[in-house]
Every structure is written in C-alpha cells, then in structure tokens.
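# 3D, please:
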Amino acid sequence: MFCRFVFKRELSRTKGKKTSKQLADLEEKRSSLIRQIRTWRPIQLAYIPHVASLLPMVLGDMDDGEDQYSNPESIPLHLPSSLPPNISQLPELKDIRDAERRLREAQADDALADVRRLRRVIQGLWQFKKLNVSGTGNRPNTRMLNLFSQFQTKLQHAANRYNVAYTALRALDKDGSWKERLKELKPSDLRGPGRDIDNPEDAKSSNGRFEPSWIWLVARLPQERGDNQTEDEFNHSMRTEWAQTRARMCRWNEELLIIQEEMRRVLAYFEWKSSWWLEQANQRSSLEASVQSGVMAYAHKQSNLSLRMAARCAAHWLPVLKNHGIIPSWGSKYQVAGSAVNQSISDSEDDEDQEFGTVDNRSDAGNELNVDDILDFD
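Take a look at the predicted model:
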C-alpha cells in the first residue's frame, strides 16, 4: 500500500521531459498498481461494506473504470484510519481498526529500525570518505557522493513510511501505548547516532550541549537484531559514541566537584587569614602603647575585611548552588541576609575610601563591623 507514495515521489523526481525508458517504467508501475488496487477492492468490500458509499464505481469493468484508474497513484484506499469518523467509529469495525493498528505499529517499528540502520551506514560512509577518499581526485569523490545520495534516498523512503504509519496510528488510537516509544519524526530528527558538524542541527551545539535525536533514545525491539547478530555486534556502531559521552559526563561531574571544593577552599582561606591577622596583633609587645594600639587596630581591621570578603563570596555563590539543588557543607554557616550583605559591601567601600585617604570624622568604634551581623551561625 505504501507503493502509491513511492510511485508519487518517483513521478515528482521525473518531472519534465522523460525518456522512452522512463515512460515505459512508469507505465509498468502504473499497471502493477492498478492490479493491486483491483485485487484489494473486493476484499475490502467484504470486510468493510460501508466503503461502497465512498467509491464512485465499485468493481466496474475495465472500460467503465478506465477514468477511475487513469491516475492510480491518486486513488484513496479508504483504510479504517482514513475513513470519516461517522464510519470508522462504528462498533462493527472495531476488529478492523485493531487489525490496522497492529499492522501500522509493526510498520512504524520496522521503518524506524530502517531509519537507524541507514543513518549508521551514512555516518560510516562519511567517515570512510574523510579518511580514505578525500583528496584522491574527482572520480572517487563523485562515486562516494553518488553512493551517499542513494542511501539518502533510501533513508527518505524509510522516513516517509514511518510518517504514514504514525499518521494512521494517531487516527486509530490517539492515546495508545505506542506513544511511549513512537514520536513524530521531523526532518531535523534524521541525524546521529553521534554529533556531525556537517549537520546544521548538530553544528549549532557543542559537545557539551549536544542532544541526540529521540530515535536513538527509544527502546529497540528484539526483531531489530538479526538472527546471526549478537548484542555486542549490534551495539558496535554505538559503543564509541556511548564511551565518549560517558567520558564527558564523568569529566563534568569531576569539574562540578572541583569547583565546589575551590569555593570551600576560598572561604577557608579567608577564615584562616582572619585568624592569622588576629594573631599578628600581639606579636610586637615591645612597642609603645600608642603604636601598639594602632597595630592592633590595623590587624583587627584586616581580620574583619577577610571575613567580609568570605561573606560576600558566599552571598554570590549560595543562590546559584541552591538553584541547581546543591547544598554545600558550609552553606549553613554563611546564610547571609540581604541587608547584611549590602551593609557589608557598603562598609567595604568605605574602608577602601579610607585606605585612599578619604577619611570621615567617624570614630574607630563606629567603623568597627559586627561580624555577627554578617555571618549567621544559626
């Protein structure tokens, strides 16, 4: 039944002036299609007599049906999936609808298996061409392009066969279990199994953001493997892509852990630096009282600056981590309120102004920052 669509496509490809051989081939295919339709009609009317009202001429003689079969590629077959709702939903046609549904589901599975097989063949051809044919001259390159065009035509045939079955399934059983593994096949889905930079859809994304087509993510039927084909042989074409993808995933997980550890070490360093400055405050006990007071004030100021820098880093990092579902071990220690963070930032700017000579008339006690306002220790 799908031969009608193949015949239409071949007609479209041979538009314009045709050679004698092309005309003879088309006439032969038309005659074969007419014979198939004539054989199909009596069987159809025996099981679906309601179709008789849709046919302009039922089982007429060859002369009477000459106009009817002038363009056999355009004759509707009136399968249950294409019947009007008032006929297709009749109770007596339930078994016929189920029969076509099973037929279409098997047809879609077989067509999808052919699509995957042809895509693996095409990708293998391109890899072979890049490694062995490119740069060897026009003749071998032209032969490879012709071979590639032949497989592309076969791929398009398989895709069209799948789309016909998918459309029929939607009409017969819109919410059936087949929707779990069969989806709409768009032209952009005919890619893979790996990332191909020559494909516009794959070229737009990097290796990190590449998403394979859904045709490689659905479960395969046991019938897709040949009788003489083991599971390892069947997955051989996919093993390299799977290994590369898994290696990238493991590397990304490692980088995620590394950046979290770097965040923790930055905060730990600021905390250590704060404690180190406090230890330096009492290192020079032989100084005069006024100088000793200045040294201690500077050490406490640097200690507070280190704590404020740690709090500011945590205030930037924690929201991002929480949005991705990551709760670090130091998160509870740096639950910074928005007002406290703003106060910390403004105080840091004031300290920078003081360091460059723009000192106001506030006392040292007024400039001193209360660490408990910034760090929430629960």
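# only C-alpha atoms from now on, for both contacts and neighbour counts.
Will do.
# so which bits of the helix or strand that contains Glu100 are buried?
For Glu100, the host element (DSSP states H and E) is helix 94-128. Residues 97, 100-101, 104-105, 107-116, 118-120, 122-123, 125-126 are the ones in helix 94-128 that count as buried (16 or more other C-alpha atoms under 10 Å).
# again, but for stretch 270-278
So stretch 270-278, judged by 16+ other C-alpha under 10 Å, has buried residues Phe270, Glu271, Lys273, Ser274, Ser275, Trp277, Leu278.
# out of those residues, who's nearest Asp189?
Among those, Phe270 lies closest to Asp189 (C-alpha to C-alpha), at 51.1 Å.
# surely the closest one touches Asn304?
No. Counting by C-alpha atoms under 8 Å, Phe270 stays clear of Asn304, with 9.9 Å between them.
# wait, Leu33 sits on Ser74?
No. Counting by C-alpha under 8 Å, Leu33 does not reach Ser74; the two are 10.8 Å apart.
# so for these two, which sits in the more crowded spot?
With neighbours defined as other C-alpha atoms under 10 Å, Leu33 and Ser74 compare such that Leu33 has more, 20 against 13.
# which residue packs closest to the more buried one, ignoring adjacent ones?
Leaving aside its sequence neighbours, Leu33 sits nearest to Pro72 (C-alpha to C-alpha, 6 or more residues apart in numbering; 6.6 Å).
# what do you get for Ala281?
Met296 (4.6 Å).
# so that neighbour is in which element?
Here Met296 is assigned to helix 289-323, by DSSP H and E.
# buried residues in that helix?
Under 16+ other C-alpha under 10 Å, the buried positions of helix 289-323 are 292, 295-312, 314-315, 318.
# what is it packed up against?
Contact here means 3 or more C-alpha pairs under 8 Å, 6 or more residues apart in numbering; DSSP states H and E; on that basis helix 289-323 packs against helix 236-280, helix 338-355.
# worst mean pLDDT among those helices?
Out of the helices and strands packed on helix 289-323, helix 338-355 stands lowest, with a mean of 51 (criterion: mean pLDDT).
# circling back: any idea which of the buried residues of stretch 270-278 is the one closest to Leu256?
Using C-alpha to C-alpha, Phe270 comes nearest to Leu256 of the buried residues of stretch 270-278, at 21.8 Å.
# how close does the closest one get to Trp276?
10 Å (C-alpha to C-alpha, to the nearest Å).
# low-confidence ranges, the stretch 151-300 of the chain, go.
196-209, 221-238 (pLDDT under 70).
# so, low pLDDT: which residues of the stretch 1-150 of the chain?
Using pLDDT under 70, the flagged stretches of the stretch 1-150 of the chain are 1-16, 56-70, 135.
# try it again at 90.
The model of the stretch 1-150 of the chain has pLDDT under 90 over residues 1-102, 105-106, 109-110, 113-114, 116-150.
# what about the helices in it?
Under the criterion DSSP state H, counting those that start in this stretch, helices of the stretch 1-150 of the chain are mapped to 3-13, 20-47, 85-88, 94-128, 138-172.
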